[in-house]
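Trainee: Build me a structure from this.
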Amino acid sequence: MQTEQWTFKIGDEDISEISFYCEVARMNKSLLTLSELAELTSADATDEEFEAAWFSNQELSSRYWVESGYVMEESGSLPLRGLVGAEAKNRERARINVIAATELAELCAGQRVKTLAVAGGNSYKSARLGDDIDVFCVTRKDSLWVFMLKALLLARLHRLTRNCPPFCFSYVIDEEKARVEFGEKKDSLFARDALSAHVISGIEFYRGLLLEGSWMQRYFPRLYTGRVPTQDRGKSQEQRRGGNRVLNSFLYYTVGSYVRMKASLLNMSYRKHGNSSASFRSKIGLDHCVYESERYRTLRRMYARRERGDDA
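Mentor: Got it, this is the predicted structure:
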């Protein structure tokens with residue numbers, strides 16, 4: 001007796017997810033590939049099955065164009081070739097920026113650093129002209145501001161010898177705060193950022209953080225499975241060692257004051273030049289130094305509406 005062969009089909013929920021992530025990419029002036037969309041949706045299919053289902057779906061085929069693997073909505077503003085060419089340049093720029101960050105990591109990632117990664121647009125493999133190189137870092141306890149002093153100085157020196165965009169240490173936290181941040185259930189934007197980070201140093205520790213954040217798997221099952229191999233699950237964290245509490249506190253008040261002043265001056269400059277979307281809030285403490293831009297807060301509101309099921 002013959003059994004009918006199962007064929008994967010893209011459902012309405014998958015189409016809704018595709019529409020949302022294409023909208024986010026459009027807001028960021030970037031494009032996603034079919035493979036990247038397959039990872040972001042909850043579709044239980046291989047890349048090949050997803051691609052075959054895409055072209056057999058009338059709604060998707062009529063609404064989106066696929067050129068060189070990139071997905072885009074029909075638009076009269078730019079020829080398709082122009083969009084693909086611009087995205088190819090963004091991806092090459094991100095690749096070069098990751099190399100620059102890797103070079104910097106070799107200088108500043110020492111015993112005080114648990115993990116260091118590229119974040120932001122560069123971790124999503126698409127960097128626009130003028131974008132900073134965002135850095136995510138987890139330090140040992142009582143070591144964050146010692147790292148910040150060293151990293152800020154080395155980043156400045158590195159830029160003098162290499163033609164690369166400015167480095168922005170946009171998310172630096174110590175290991176205790178990292179375990180809390182990753183362990184507490186957050187929104188899908190946090191999960192996507194965490195799972196997309198390009199880890200340069202401390203991959204084992206970072207996988208441990210993802211294990212603490214197993215809640216991310218509900219949002220992105222394929223992404224999570226790809227970042228946390230099954231054999232790594234259940235591994236215990238290494239013994240925690242702290243830094244110099246007194247020195248870290250002193251540098252928090254000195255280097256931290258400099259960081260606050262610089263953030264304030266940058267925001268004034270952004271507002272003066274009408275670039276309010278680039279303005280940001282700085283959250284600074286003994287165990288954290290985090291920048292959150294207005295553009296990022298807009299993204300967070302989009303993701304929040306999506307999770308609530310509101311209309312876009």
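Trainee: quick one: Trp65 is in a strand?
Mentor: Yes: the assignment for Trp65 is a strand, going by DSSP: H, G, I helix; E, B strand; the rest coil.
Trainee: the domain parsing of this protein - what is it?
Mentor: 12-77, 85-308 (automatic domain parsing).
Trainee: how about the strands in the chain?
Mentor: Taking DSSP state E to define them, one finds strands in the chain at 32-33, 64-67, 70-73, 113-118, 133-139, 167-174, 198-201, 280-285, 288-293.
Trainee: Point out the most buried one among those.
Mentor: Highest mean neighbour count among the strands of the chain (mean count of other C-beta atoms under 10 Å): strand 133-139, with a mean of 26. For every residue, glycine as well, the C-beta is placed using N, CA and C.
Trainee: Quick check: closest non-adjacent residue to Ser249.
Mentor: Nearest residue to Ser249, sequence neighbours excluded (C-beta to C-beta, 6 or more residues apart in numbering): Leu286, at 6.6 Å.
Trainee: again, but for Gly183
Mentor: Using C-beta to C-beta, 6+ apart, the closest residue to Gly183 is Glu212 (4.5 Å).
Trainee: Include mean pLDDT when you put the domains of the chain into a markdown table, please.
Mentor: Shown next, in a markdown table, are these (pLDDT from 0 to 100):
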| stretch | mean pLDDT |
| --- | --- |
| domain 12-77 | 89 |
| domain 85-308 | 91 |
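Trainee: where do the helices sit along the stretch 101-250 of the chain?
Mentor: Here the stretch 101-250 of the chain has its helices, by DSSP state H, counting those that start in this stretch, at 120-123, 144-161, 175-183, 188-196, 203-212, 216-219, 221-227, 245-272.
Trainee: got the contact list for the residue nearest the centre of the chain?
Mentor: Nearest to the geometric centre of the chain sits Asp193, at 3.4 Å (C-alpha atoms, centre = their mean). Asp193 makes contact with Ala119, Ser123, according to C-beta atoms under 8 Å, 6 or more residues apart in numbering.
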